[in-house]
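**Q** Structure here, sequence nowhere to be found:
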């Protein structure tokens, strides 16, 4: 929980990781390049005071994670979204055993999501059943551009993926997080292309599809499909830290998201350990759309409460203390609507006159 | 640069030759200015992707040029990386005085593969073999269409901001001749030419990639979509510039370059990075 100016916010960090990128776990040079790339993201977008050393960045461990999120970071609940990356790391990048054990020890604070890969066929379906039972899965994190033998990636709209999504439905795994972003060897298959999410979301209306990194660097394509599908959400992982380095760009991202998909379908996340939640939560609560950007309405406190935690709490059935909830009439602003949310704001000339 | 050493040797001939080399280096750099990062819609020279450039005489008395390119991360998409590197090679090859051209991409996860492909002029499919399903033409065309969309939005938003009487629903009727004679308009005309659209003053500004205008009711939404495209492209460019500066803290990120010989003297951004293993 975070309190500022008499308002209290329930905080859900919807995308965190417990990774191990130490040299002994790197399978090849790509393992090093991958964590170097993450570290450059961290170093470039963090305030000077929040910057870690490269060595700290390679591995944090559970104790440090608990402190950064729950003692220092105001977070009430966080969701693991692991990336496997077996081709780069001997024991994978996300640490399944350590993270899931931590979640099992702190069920009130942590949810562990796992992954599947439809290219594993029937065997993978059995594995998903076993994983769902082992971890009590409510969600999965998919990395559609992950390299797998000869394959350079897959689509959510592939027939085999549909078999997995059908099984998710059967097992009560309702939150499908999809990584669309910087990746490994996409070649001509555009790893950022979100068109496959559109197909899957239309065919599995009872599942929620959370596009991480709000489709960046193809924000516009994401907004366009998400505005038409009431079960598509935008995760702010990687977009959040622009609030510090590029606040006007961040304003445009949030402005576009509120316009196209509405305040109920945007989820905060620090993308820990890429960044830490404390400064991001503080900055977001203080944030406002600059006045000269008349094409966007100012952000309200209710909108910030939804983005910072209430939206994710609804997806994961988390219990929100009564004093941190919104009054019913505000909470139901435009749940599940499609199409642009503030069409009157589109009249830029009128708004600025 | 190595050419400066020879200017101090004193003889008239070497001084003249050195001046020529400096001029040719400049000419080569200017030529690289037409190579565009398709995703960011900006020249690779402005983005700081040209890491080094050197023109030198060969033993046979010909001239060769060598340039090294760099990108903000090791994981920048290899198809885009290949496209920019091969475009760079093409523009340098097209200079009348270059007998030999070397283009290398540094510090990328596919550097070895791409550099071998470039050296052999293997083309994209020849370089990536079974992993490449198609040529890069479609990729290039997709991003030229996005660049046009963004340029169109910049021109119309600028017009809306300068003319309070112009309602957004009316921008669908704005024609090229209504736009001011400025850099924004010039940029739009270039993007139109890239995707095969004309420059007639009576041509509508707000059009799709085929040049078809929008019905009046669709205009606000079309402009709004164009705006999200422009924001996406600009945001990516900011991000890539920032990452490049973080990745190469000791090298210039402005349009400038170091000599090839100085490349490996620079310290990478983290102490444990071993440049030799990726270069």
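**A** Now that the structure is in, tell me what you want to look at. Computed from a predicted model, the values in this text were never measured in an experiment.
**Q** all helices for the stretch 51-200 of chain B, in order.
**A** Along the stretch 51-200 of chain B, the stretches classed as helices by DSSP state H, counting those that start in this stretch are B:78-93, B:111-119, B:123-128, B:137-162, B:183-194.
**Q** Now do the first one: distance to the chain's middle.
**A** By that I understand helix B:78-93. Its chain's C-alpha centre and that of helix B:78-93 lie 9 Å apart, by C-alpha atoms, centre = their mean, to the nearest Å.
**Q** That one and chain A, any residue contact?
**A** Yes. With C-beta under 8 Å from any C-beta of the partner chain as the measure, helix B:78-93 is seen reaching chain A through B:78, B:79. For glycine as for every other residue, the C-beta is placed from the backbone atoms N, C-alpha and C.
**Q** contacting residues around the closest residue to chain A within the stretch 1-150 of chain B?
**A** In the stretch 1-150 of chain B, the residue that lies nearest chain A is residue B:74 (3.8 Å; C-beta to the nearest C-beta). For residue B:74, the contacting residues are A:30, A:33, A:34, A:36, A:37, B:107, B:108, B:109, B:278, by C-beta atoms under 8 Å, 6 or more residues apart in numbering or on different chains.
**Q** So which of the helices of the stretch 51-200 of chain B is the most surrounded?
**A** Highest mean neighbour count of the helices of the stretch 51-200 of chain B: helix B:78-93, a mean of 21 (counted as mean count of other C-beta atoms under 10 Å in any protein chain shown).
**Q** pLDDT of it, averaged?
**A** If you average the pLDDT over helix B:78-93, you get 91.
**Q** could you give the angle of that helix to helix B:137-162?
**A** Calculated by axes from the mean of the first three to the mean of the last three C-alpha atoms, to 10 degrees, helix B:78-93 forms an angle of 90 degrees with helix B:137-162.
**Q** returning to that earlier point: do you know how far the residue of the stretch 1-150 of chain B closest to chain A is from residue A:30?
**A** Separation of residue B:74 from residue A:30 (C-beta to C-beta, to the nearest Å) stands at 8 Å.
**Q** shared neighbours of these two, which are they?
**A** Overlap of the contact sets of residue B:74 and residue A:30 (by C-beta under 8 Å, 6+ apart) consists of residue B:109.
**Q** which non-adjacent residue is nearest the most centrally placed residue in chain B?
**A** For chain B, the residue nearest the mean C-alpha position is residue B:36 (2.4 Å; C-alpha atoms, centre = their mean). Spatially, and ignoring its direct neighbours in sequence, residue B:36 is nearest to residue B:43 (5.9 Å; C-beta to C-beta, 6 or more residues apart in numbering or on different chains).
**Q** list the contacts for the one you found?
**A** Listed by C-beta under 8 Å, 6+ apart, the contact set of residue B:43 reads B:32, B:33, B:34, B:35, B:36, B:37.
**Q** Show me which positions of the lengthiest helix in chain A end up buried.
**A** Longest helix of chain A, by residue count under DSSP state H: helix A:29-45. Buried positions in helix A:29-45, judged by neighbour count with 16 or more other C-beta atoms under 10 Å in any protein chain shown: A:30-45.
**Q** Could I get the phi/psi values of residue A:16?
**A** Here is the backbone geometry of residue A:16 (degrees, to the nearest 10): phi -130, psi 170.
**Q** what bridges to it?
**A** In this entry, residue A:16 is beta-bridged to residue A:80, by DSSP bridges.
**Q** Pull the contacting residues for it.
**A** Contact analysis of residue A:16 by C-beta under 8 Å, 6+ apart lists A:65, A:69, A:78, A:79, A:80, A:81, A:269, A:270, A:271, A:272, A:273.
**Q** for residue B:205, same thing?
**A** Applying C-beta under 8 Å, 6+ apart, the residues near residue B:205 are B:152, B:155, B:156, B:171, B:174, B:175, B:176, B:178, B:179, B:188.
**Q** pLDDT below threshold where in chain A?
**A** Residue ranges of chain A with pLDDT under 70: A:181-191, A:329, A:332-337, A:342-353.
**Q** what about the strands in it?
**A** For chain A, the strands defined by DSSP state E occupy A:2-4, A:7-9, A:12-16, A:77-80, A:110-112, A:139-143, A:175-179, A:208-212, A:232-235, A:266-267.
**Q** Adding distance to residue B:28, write those strands out as TSV.
**A** Shown next, in TSV, are these (distance: least, C-beta to C-beta, whole Å):
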stretch	distance to residue B:28
strand A:2-4	55
strand A:7-9	56
strand A:12-16	45
strand A:77-80	50
strand A:110-112	54
strand A:139-143	41
strand A:175-179	40
strand A:208-212	41
strand A:232-235	44
strand A:266-267	47
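**Q** Show me which residues of stretch B:201-213 are buried.
**A** Neighbour-count burial for stretch B:201-213 flags B:204, B:205, B:206, B:207, B:213 (criterion: 16+ other C-beta under 10 Å).
**Q** same check, this time on stretch A:147-156
**A** Quick answer for stretch A:147-156 (16+ other C-beta under 10 Å): A:147, A:152, A:153, A:154, A:155, A:156.
**Q** what about that stretch, how long is it end to end?
**A** Chord length of stretch A:147-156, first to last residue, is 15 Å (C-alpha to C-alpha, to the nearest Å).
**Q** sorry, back to before: how about residues contacting the longest helix of chain A?
**A** Outside helix A:29-45, the residues touching it (C-beta under 8 Å, 6+ apart) are A:21, A:23, A:25-26, A:51-52, A:54, A:57-58, A:85, A:87-89, A:93, A:182, A:184, A:238, A:241-242, A:244-245, A:274-275, B:72-75, B:109, B:242-243, B:245-247, B:269-270, B:273, B:277-278.
**Q** hmm, back to that, quick one: which of the strands of chain A is nearest residue B:125?
**A** Among the strands of chain A, the nearest to residue B:125 by C-beta to C-beta is strand A:139-143 (26.1 Å).
**Q** what comes up buried for stretch A:209-228?
**A** Across stretch A:209-228, burial judged by 16+ other C-beta under 10 Å covers A:209-227.
**Q** I meant to write stretch B:234-241 there.
**A** By 16+ other C-beta under 10 Å, the buried positions in stretch B:234-241 come out as B:234, B:235, B:236, B:237, B:239, B:240, B:241.
**Q** That one near chain A at all?
**A** Yes. For a cut-off given as C-beta under 8 Å from any C-beta, stretch B:234-241 has contacts with chain A, namely B:234, B:235, B:236, B:238, B:239.
**Q** Including pLDDT and distance to residue B:22, could those residues go into CSV?
**A** As requested, the residues of stretch B:234-241 next to chain A are exported to CSV (pLDDT from 0 to 100; distance: C-beta to C-beta, whole Å):
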residue, pLDDT, distance to residue B:22
B:234, 85, 35
B:235, 81, 37
B:236, 81, 34
B:238, 79, 33
B:239, 79, 34
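**Q** if we take those, which one ends up nearest to residue A:294?
**A** Closest to residue A:294, out of all of these and judged by C-beta to C-beta, is residue B:234, at 18.2 Å.
**Q** isn't there a helix covering the closest one?
**A** Yes. Residue B:234 sits within a helix when classified using DSSP: H, G, I helix; E, B strand; the rest coil.
**Q** what residues are up against it?
**A** A:249, B:150.
**Q** One more: the one 4 residues further on?
**A** Residue B:238 is in contact with A:246, A:249, counting by C-beta under 8 Å, 6+ apart.
**Q** where's it, which helix or strand?
**A** For residue B:238, the host element (DSSP states H and E) is helix B:219-247.
**Q** Perfect, I'm done here.
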